[in-house]
Structures are given as C-alpha cells and as structure tokens.
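Q: Provided below are the primary sequence and the corresponding predicted coordinates.
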Amino acid sequence: MSGEINQIYYNGKIFTSNLEQPYADAMVVREGRIFWIGEQKDLKTIEGNYIDLKGRRVLPGFIDSHMHPLFLANVSKQIVCMPPVTNSIEELVEHIRKKREEQGSDTWIEGWGYDEGKLLEGRSPNRWDLDRAASDVPIILTRTCVHIIVVNSKALELAGIDRNTPNPTGGEIDKDSSGEPTGILRENAKDLVTKIMPAPTIEDSADTLVNLSPKLLAHGITSITECMANTAPVEYFDLYAKAQEKGFKQRTVLYYVWSEVDKNSHFPKEKLCNGDNIFIGGLKLFADGSVSGRTAWVDPPYLGSDENYGLPTTSAEELLDAAGFAKDNELQIVIHAMGEQAIDLIVDTFQGKPRWLKDRPSIRIEHAAMATEKAIKGASESGIAFVTQPIFMYAEIESYLKNLGLERTKKTYPIQSILKAGVQLAFSSDAPATAWADPSNPFVALKAAVTRAAYDGTDCGEEHRVDIATAIRMYTREAQKVTGISEVGQLVSGYHADFIVLDKDVLEISSDKIDEVCVEETYMSGDLVYKRQI
C-alpha cells in the first residue's frame, strides 16, 4: 500500500460517480485513500509525487455485484462451446475427441457456454452426440445460463440416472419419447451429476483464482462477488483467504447457497465485517431458472407453447426460513428470479415485512428480467433491490427471440421503469453465465445498457436505454450500495483509491464503440496493480 507520501494525480478527466461532485481533474491519494479531489486550479501546493494523467478518462474501479469467479476461472481450462470457437454440434464432437486424446481415461471432460440458438443444428447436444465423441470417460457440458447441463451416458451411469429416476424437486431430467434420459439435466437435476465430480483441492482452486485476478483487473474490476459460495467440500471463505495470500487482488463478498447451509449454525461475526477485503455478505436462493433455457417461471407461457411456464424452484416457506436465518446472522438474502411468477412470489412474500439490515438492502432480486409493474412498485415500497445484467439480451438474443418473441423481449429488463419507481438497481455480469466469450467485460455491458441493442443490432427495447453516466454508476456507486462493500464505488475523500484509467473517453465516444474501450491502468488503494502492455 502507498505510504504517507502524497500521490497527486492531475490533468485528468475524472468521473467520480459521486452525485454531489460528478467531475474533477485532480486528486490527492494518501495512505491508500483519497485525501482530496476536485479542480486542479483549487489544489494548493503540496509535496509528493505528481502523476500526469495526460487528459485521460478516469473512473472508479468497477464492482461486479453478481458473478461466479471460481467458475469463471475454471472455465478458462474447459472446452469453449460457443462461437467463434464452436459453431455446431459436429465441431463440438471434434473438440471433445481432441480433448480425450490429450488427457487420460481417469479425467472428466468439461465444456462450457453452449447455446442451442447459436449452434448450426439449432438444438442442444445430447448424450448420444457426446457418446460419439467419447464414451469411456464422463463428459459434462454446461449451458451458458449455468442452469442446464448435458452429459454423456458414462456420466449418467456414474450418477445412477436411468429411465426410472424421478425428477428431483425443482429439477427436470429430460427424456425422449421412449422414456430414456437424453443427458439434458435442468436446474436441481444437474446436481445429481455435479455432486459426484472430483473436487479440486483448496490449493488448486486458490491458484485458479490467482490466475483470474489480472484478467479482472484488465477490465477494471476491483471488487467482486462470489454468488455460489459453499462450506463443502471446500469452505469458500478459507479458499478466498488462501487466494488473497497468494496474490488475488479483488475485494470479495461471499454469498452462500442456502440449500447447503447448516441451518443450526451461525456465521462467525469476524467474517461479516464489510470493511475487510473478504467478508460474508449473504445467502443465495433460486426461485426459477433462465429465460434462454426455458426454465424461468414465467406467465404467460413461452412462445409456441400453451403449457410451458418454466420451473419454480423455491417456495414462500423457504424464503421466509432463509430470511429468518439471515436476520439472525445479519446477512442479505440474494434470490435468483427471472420470470414474472418467480419475481411476484418474492415481492409478495416480503411485502410489508420489516428490513433487518441498515447499510444495504436486506433482500436483492438477481436478474429481475420480467418484473411486472406491480412487482416493481412492490419492490420499491419494500426496499427490495434489483441486480440485473445488460449483457444477457445483448449476447443471447437468439434464445430470447425464440422463447419470448420480439415484443416481449423488448419489455424484459425494464430498466427505466425500475429507475423511475425508485428501486435500488445495480448492474453486473453473472460471468460466466452468458453466451459471450469474454462475459465479465463491463464495457460490453455498458454498451448494451446504453444502446439496448443486441450484438447483431436487434432492438431490445430502446425506451429502456440509459445514458453512459448512469450505466457507469450502476457498475460503481450503486453496486457498492447493494453489496455493502465499505468505502468503494465513488472517488470521494476518505474512500479507497480504487480507480481505473482508460485509453478512450467512454463518456464521449459513440455508443456503438463503448465495447472497444480498454483499461490502461488499474489502481487499488493507490497502488498500480495493472498496466496494459501494448
């Protein structure tokens, strides 16, 4: 950390995310925190190191308020099942065959990111496709949404899944017309396979996170969330502490999966301090699945079906049980919900209930893709926050159009309605749970929010566009407010000096060029932790 010597940054175009002082051109950093920020002409002569920002744009470090860092780090070692690497099931089969040749017979083959809407065949791969690639080792491919997997016959055999296996609560085992499992497992059914997979050691996982850290810093991401934390087989708090010992940089909030939590235990108070680099922030629940996978709990039903409303995966009773535990432990509850019925269930369950946290929302709804006017109003009245992902429709437009149709797609993620109602809102990536090769890149999400157009130019509802300054605040100031990470997200006196320097002025370039912006330098607590190599 920078010592008592003042670091004076001048000649910059600083966007602070502070509503009371949105712009500045100079700041003084002392002992890792912003000592002063304002106009250079008002800066009195002060001793220290002077750093010329050379007229470049400066932003607060990004806060990704909903992501899966360990999974994101792991997929870097897996088969990429999406364009431009994989464009068809036949290409996928060849990739798997090659992987089988490279590794031994005692190792699972894993892949991530397939989306049937982007594959030439227009369908999901199944067990028989994967069997053609390799039948002697288990194969597991995770769909882009992370709510659906497809496995081969070997994996089904190891998991004990056959034609007589019933659907688990909140899950579905797809079967063909003769009753045979197709290898596609939805929602809670995927756990039948994932729970038997070999678990890496804490040392291996920590090293994997350390390798991810510079990639996140290259995107300007200085604070993150882990939204699938567990206590076993590895305790995630210990894992992230180990990773930080080894060089992982990002400030981290952990959200533990409610179904895996020991309901008779309590989280230690010393692990809940939001001023620490790692802290436990809350509990994660699932109310439904994904729009792209047709498992979000919707109403009306999906396009082309009078009966498919998706899958509910929780109940009011479970939500209230989790809320009681969260209140006793001073935690948030963070609930995945995309469809109208799932969002309504959460809002109706907590309508009028007292909040138990003072420094951040007690309840967050993650994604909130199809929030109705009634749900938005109820969320506003109840202090329920939304955390949404602009990259979803941008990257997954084929699936949205196929499952919802154009007009309904335009009404999803009703950002302007949410903001006008006064609902607390933050942006995030949910990386790697979307069909994009670089899913954690905030500049792709910023472009998507500002243009409300998909990567192929499809209009995704331009009435819900936001300006670039608002979009940046959703990734900084507002993300801090929903996560509770202490003293970050704005460049104001007393806050940590977490900031980034850009190669282009993201506030002034054409909106269709926002995704071309690169981070040249990233600072945390006043220290340079990333510098772009050209």
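A: Now that the structure is in, tell me what you want to look at.

Q: How about the secondary structure of Pro214?
A: helix (DSSP: H, G, I helix; E, B strand; the rest coil).

Q: A strand includes Thr252, no?
A: Yes - with three-state DSSP as the criterion, Thr252 is part of a strand.

Q: For the stretch 401-534 of the chain, which segments are assigned as strands?
A: Here the stretch 401-534 of the chain has its strands, by DSSP state E, counting those that start in this stretch, at 425-427, 499-502, 519-524, 527-531.

Q: Which stretch among the ones you listed is buried most, on average?
A: strand 425-427 (a mean of 26; mean count of other C-beta atoms under 10 Å). To be clear about C-beta, it is placed using only N, CA and C from the backbone, and glycine gets the same treatment.

Q: Provide the strand pairings for that one, with the direction of each partner.
A: strand 385-388 (parallel) (DSSP bridges).

Q: For the partner strand, list every residue counted as buried.
A: The neighbour-count check on strand 385-388 (16 or more other C-beta atoms under 10 Å) flags 385-388 as buried.

Q: for these, which one is nearest Tyr9?
A: Nearest to Tyr9, judged by C-beta to C-beta, of the buried residues of strand 385-388 is Val387 at 30.9 Å.

Q: Show me what the closest one is bridged to.
A: Beta-bridge partners recorded for Val387 (DSSP bridges): Glu366, Ala426.

Q: how about it, what does it touch?
A: Taking C-beta atoms under 8 Å, 6 or more residues apart in numbering as the definition of contact, the neighbours of Val387 are 65-66, 334, 364-368, 425-428, 482.

Q: how about a cut-off of 7 Å?
A: Val387 makes contacts with 65-66, 364, 366, 426, 428, 482, as judged by C-beta atoms under 7 Å, 6 or more residues apart in numbering.

Q: for Cys227, same thing?
A: 66-68, 255, 284, 334.

Q: Among those, which one sits closest to Lys215?
A: Nearest to Lys215 among the contacts of Cys227, with distances taken as C-beta to C-beta, is Met67, at 12.3 Å.

Q: now the closest residue to the closest one other than its chain neighbours: how far from Ile224?
A: Excluding its sequence neighbours, the residue lying closest to Met67 (C-beta to C-beta, 6 or more residues apart in numbering) is Ala431, at 4.8 Å. Ala431 sits 10 Å away from Ile224, going by C-beta to C-beta, to the nearest Å.

Q: and what of Val529?
A: On the measure of C-beta to C-beta, Val529 and Ile224 end up 14 Å apart.

Q: So between Ala431 and Ile224, which is more surrounded?
A: Ile224 (31 against 26; other C-beta atoms under 10 Å).

Q: phi, psi of the more buried one?
A: Main-chain dihedrals, Ile224, degrees, to the nearest 10: phi -140, psi 170.

Q: Was I right to think it contacts Pro69?
A: Yes - taking C-beta atoms under 7 Å as the definition, Ile224 is a contact partner of Pro69 at 5.6 Å.

Q: Give me the buried positions along stretch 50-68.
A: By 16+ other C-beta under 10 Å, the buried positions in stretch 50-68 come out as 51, 53, 56-68.

Q: Give me the subset of the residues you listed lying in strands.
A: Within those, residues falling in strands by DSSP state E are 51, 57-60, 62-64.

Q: and which of the residues you listed is nearest Leu419?
A: For these, the minimum distance to Leu419 (C-beta to C-beta) is 18.3 Å, reached by Ile63.

Q: Return the set of residues that bridge with that closest one.
A: Ser223.

Q: Am I right that it is in contact with Gly489?
A: Yes - if you go by C-beta under 7 Å, Ile63 and Gly489 touch, sitting 5.7 Å apart.

Q: Next, show the common contact partners of these two.
A: With C-beta under 7 Å, 6+ apart as the test, Ile63 and Gly489 both reach 476, 479-480.

Q: Compare those residues and tell me which has the most neighbours.
A: When neighbours are counted by other C-beta under 10 Å, Thr476 leads these with 31 neighbours.

Q: tell me the contacts of that residue?
A: Contacts of Thr476 by C-beta under 7 Å, 6+ apart are 17, 59-60, 62-63, 489-490.

Q: how close does it sit to Phe15?
A: Plainly put, Thr476 is 9 Å away from Phe15 if you go by C-beta to C-beta.

Q: what do those two both touch?
A: Joint contacts of Thr476 and Phe15 (C-beta under 7 Å, 6+ apart) are Leu59.

Q: how near is the nearest residue to Val501 once chain neighbours are set aside to Phe499?
A: Nearest-residue entry for Val501: Glu521, 4.2 Å, with adjacent residues in sequence omitted and distances by C-beta to C-beta, 6+ apart. Using C-beta to C-beta, Glu521 is found at 9 Å from Phe499.

Q: coming back round to it: just put the contacts of Val387 in CSV and tack on distance to Pro138 and pLDDT.
A: As requested, the contacts of Val387 are exported to CSV (distance: C-beta to C-beta, whole Å; pLDDT from 0 to 100):
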residue, distance to Pro138, pLDDT
Ser65, 34, 98
His66, 30, 98
Arg364, 35, 98
Glu366, 30, 98
Ala426, 38, 98
Ser428, 32, 98
Val482, 38, 98
